[in-house]
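Novice: sequence and predicted model, in that order:
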Number of protein chains: 2
Amino acid sequence: MSPNSKADRPGEYEMIARYFAPLAHEGAFNLKDDAALLSLAQDRQLVITHDSLLEGIHFLPDDPRDTVAKKALRVNLSDLFAKGAEPHSYSLSLGLPDEWDERDIELFAKGLAEDQEHFDTRLTGGDTYRSPHGLCIGIAMFGSVPTDGYVSRLTAEPGEVIAVSGTIGNGALGLDVRQGRLDLVAEANDWLADRYRIPQPLPAYAAIVREFASASMDISDGLLGDLAKLCSASGLGATVERTALPLSEASKSAIDMDPKLWERVLGGGDDYEILFTVPSDRFELCQEAARAIDATITAIGKTHAGPAGEVTLQLDGKPVPVSASSWSHF
Amino acid sequence: MSPNSKADRPGEYEMIARYFAPLAHEGAFNLKDDAALLSLAQDRQLVITHDSLLEGIHFLPDDPRDTVAKKALRVNLSDLFAKGAEPHSYSLSLGLPDEWDERDIELFAKGLAEDQEHFDTRLTGGDTYRSPHGLCIGIAMFGSVPTDGYVSRLTAEPGEVIAVSGTIGNGALGLDVRQGRLDLVAEANDWLADRYRIPQPLPAYAAIVREFASASMDISDGLLGDLAKLCSASGLGATVERTALPLSEASKSAIDMDPKLWERVLGGGDDYEILFTVPSDRFELCQEAARAIDATITAIGKTHAGPAGEVTLQLDGKPVPVSASSWSHF
């Protein structure tokens, strides 16, 4: 409630006009109004996600401003793609630390601008406010699906293939690198840290999800915990084979060094890959569709009728205990 | 990044199921999915607002949990009504302090539930996270207008009546009461403090705005500063007559005691009334429409061609200086 204890930077009005108005969607009145006005084509439905990032909780205080901006967009984009949705636009509620100056804001806006271009989305508006205890970024993201194209978590069936996109565990191990708990060769360290800082959701998965997935979600809180949520929502159990899990070279080298890191891979979170179920007889086609866009989809287990949300981890077909549970955000 | 330093309360999953799922919109999959799926009628357009409230910035740490929840909804509802929009649903990103226990969450959800009922809106989803330095509430709100019914700030014309709803200054003076800078009789103190805690946006104004306003916004950052924004966006100047400003009895008694409080009334913010422009020959009809719903609309000045955003305050027709500028949120 003391408006002016802040570093050298333009006022709210100036700052919005200079750095954020160029990012505005056509329905956003150049960010001169209190709201945005959007229309979708008649054969599309609106999909909404809303995830916030708070400094010290979802990113590290010394993460670069532009990568933090990208992460804030990408955790929401990841949700959209996992639902089979294409991005439309997003709204930004931005809590700025007092010590941020104009260069910080410029770099943050540059991160947004680059990802807007890359992912084809625009800013509809939002608000800014003082956040004395660290940057707080709230993003509500708006996407669309063809009518009846939305894929929820609630509709998996027994006996389906459980599939994941890409490789698992990079984000969690990247955080370990960033916080000094893990040290590999420099190249692997950098690659993992980068995966923590900038998730890599792939827009082309939206169409694959719509075509093949019976249920789908993105992995943000850890593979096994998130799979338990999907199974719980669908009223099913699941079995996952650990030897089937797709790992990056960097993650493999970390686990070779310390097999206890399996727990981080299985439960650490920050993957932003897609976890979905596919009818068995459709899985090969699904994999082909992924290969056609230079993406990888891997079968890691099966759903079954059984206690809702119960996930069994197997190693070479035998159950093994898991001590890592899902990441909780508070 | 330490998930479990928190007071005695249910886990994220439990908490959502127990307190927030009952608030869910039908497109929200009972809050079991990562996103919400919405459809609007074909003759409606989507209106989006997004305002956050942070403890210590937008509300006081000892404000009751339920009134804070209501304020978070109402600052967004106020934006919708000022645009001529009806509420549809909202998304909530909730940063919870470590010390919040189950009772805090229950009271917060009760505040949401009461206002959902009162304003006819439902929760679409969102996220929760740890916010160690105080409650942070991000609300993205979704409303709708009939096609071409949206009213922006950008379209006022010269020579129009400037009108406000209700009375001005109560929120700012209520904050003064809450922080011990202002002390009136107990009843006035309570009434003003209540106005600070719980804004009173009136849904019926949406239709009046659509029918009569050429431009419109809600007053959140102070009357004169917000009028300057409207005039700037519309490329106009404006004159406001101070003697015409509608004040509550409590505000009048405060100003009688200390005329310097005019600055708080003119620039203090937290009004959440509607500021709009009306063609002169339509203003009487507009007032009648307000009276018909037991609401008050007051003419406080006129727009004119002239330097964009220049607002002149007059007292009995003579210009007076204003030292209070608009409230800045950082």
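Specialist: Yep, it's here. None of these values were measured; they are calculated from a predicted model. Numbers count the residues shown, from 1 in each chain, chains lettered A, B, ... in the order given.
Novice: so A:D221 makes contact with A:G269?
Specialist: Yes. Counting by C-beta atoms under 8 Å, A:D221 does reach A:G269; the two are 4.7 Å apart. Heads up, the C-betas are built off the backbone N, CA and C, glycines and all.
Novice: now the residue lying closest to A:Y196 once chain neighbours are set aside, what's its secondary structure?
Specialist: The shortest distance from A:Y196 to any non-neighbouring residue, by C-beta to C-beta, 6 or more residues apart in numbering or on different chains, is to A:G174 (3.0 Å). For A:G174, the assignment made with DSSP: H, G, I helix; E, B strand; the rest coil gives helix.
Novice: show me the contacts for A:G174.
Specialist: A:L192, A:A193, A:D194, A:R195, A:Y196, A:R197, A:D270 (C-beta atoms under 8 Å, 6 or more residues apart in numbering or on different chains).
Novice: quick check, the first one in a helix?
Specialist: It refers to A:L192. Yes. Assessed with three-state DSSP, A:L192 lies in a helix.
Novice: list the residues that contact it.
Specialist: Taking C-beta under 8 Å, 6+ apart as the contact definition, A:L192 lies against A:N170, A:L173, A:G174, A:D176, A:V177, A:L182, A:L184, A:S248, A:A250, A:S251, A:A254.
Novice: burial count for A:A109?
Specialist: Neighbour count of A:A109, defined by other C-beta atoms under 10 Å in any protein chain shown: 20.
Novice: wait, doesn't it sit right on A:F20?
Specialist: Yes. The criterion here is C-beta under 8 Å, and A:A109 meets it with A:F20 at 6.3 Å.
Novice: what segments of the stretch 51-200 of chain A are strands?
Specialist: Here the stretch 51-200 of chain A has its strands, by DSSP state E, counting those that start in this stretch, at A:86-96, A:122-130, A:136-146, A:161-165.
Novice: dump those to TSV, plus distance to chain B.
Specialist: Below are those laid out as TSV (distance: least, C-beta to the nearest C-beta, whole Å):
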stretch	distance to chain B
strand A:86-96	4
strand A:122-130	4
strand A:136-146	3
strand A:161-165	15
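Novice: same list (these) but as a markdown table, adding mean neighbour count, distance to A:D8 and mean pLDDT.
Specialist: Formatted as a markdown table, the strands of the stretch 51-200 of chain A follow (neighbours: other C-beta atoms under 10 Å in any protein chain shown; distance: least, C-beta to C-beta, whole Å; pLDDT from 0 to 100):
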| stretch | mean neighbour count | distance to A:D8 | mean pLDDT |
| --- | --- | --- | --- |
| strand A:86-96 | 25 | 13 | 97 |
| strand A:122-130 | 23 | 15 | 96 |
| strand A:136-146 | 26 | 21 | 97 |
| strand A:161-165 | 26 | 44 | 98 |
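Novice: any weak-confidence spans in the stretch 201-330 of chain A?
Specialist: A:323-330 (pLDDT under 70).
Novice: now with 80, please.
Specialist: The stretch 201-330 of chain A contains residues with pLDDT under 80 at A:322-330.
Novice: what segments of it are strands?
Specialist: For the stretch 201-330 of chain A, the strands defined by DSSP E, counting those that start in this stretch cover A:215-219, A:237-241, A:273-278, A:297-304, A:311-315, A:318-320.
Novice: picking up where we left off before, out of the strands of the stretch 51-200 of chain A, nearest to A:T49?
Specialist: strand A:136-146 (4.9 Å; C-beta to C-beta).
Novice: number of nearby residues for A:D190?
Specialist: 14.
Novice: now do A:G56
Specialist: For A:G56, the count of nearby residues is 15 (other C-beta under 10 Å).
Novice: show the pLDDT at the residue nearest to A:S251 when sequence neighbours are not counted.
Specialist: In space, and not counting its chain neighbours, A:S251 is closest to A:G169: 4.8 Å by C-beta to C-beta, 6+ apart. pLDDT for A:G169: 97.
Novice: gap between the two ends of stretch A:12-27?
Specialist: Criterion C-alpha to C-alpha, to the nearest Å; first-to-last residue distance in stretch A:12-27 is 21 Å.
Novice: mind listing what A:P97 touches?
Specialist: Applying C-beta under 8 Å, 6+ apart, we find A:P97 in contact with A:E55, A:S131, A:P132, A:H133, A:G134, A:L135.
Novice: name the nearest of these relative to B:D120.
Specialist: Using C-beta to C-beta, A:S131 comes nearest to B:D120 of these, at 31.6 Å.
Novice: ok, that closest one - contacts?
Specialist: Neighbours of A:S131 in contact, by C-beta under 8 Å, 6+ apart: A:G95, A:L96, A:P97, B:L54, B:I57, B:C136.
Novice: for the second one, give its distance to A:G11.
Specialist: What that stands for is A:L96. Going from A:L96 to A:G11 by C-beta to C-beta, to the nearest Å gives 12 Å.
Novice: point out the residues in the stretch 101-250 of chain A that sit beside chain B.
Specialist: Residues of the stretch 101-250 of chain A found near chain B (C-beta under 8 Å from any C-beta of the partner chain) are A:124-134, A:136, A:138, A:140, A:142-143, A:145, A:150, A:152-154, A:175, A:179, A:217-218, A:229, A:232-233.
Novice: the strands of the stretch 201-330 of chain A into TSV, with extra columns for distance to A:I162 and mean neighbour count?
Specialist: Output for these, formatted as TSV (distance: least, C-beta to C-beta, whole Å; neighbours: other C-beta atoms under 10 Å in any protein chain shown):
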stretch	distance to A:I162	mean neighbour count
strand A:215-219	10	27
strand A:237-241	6	20
strand A:273-278	6	28
strand A:297-304	4	20
strand A:311-315	9	18
strand A:318-320	16	10
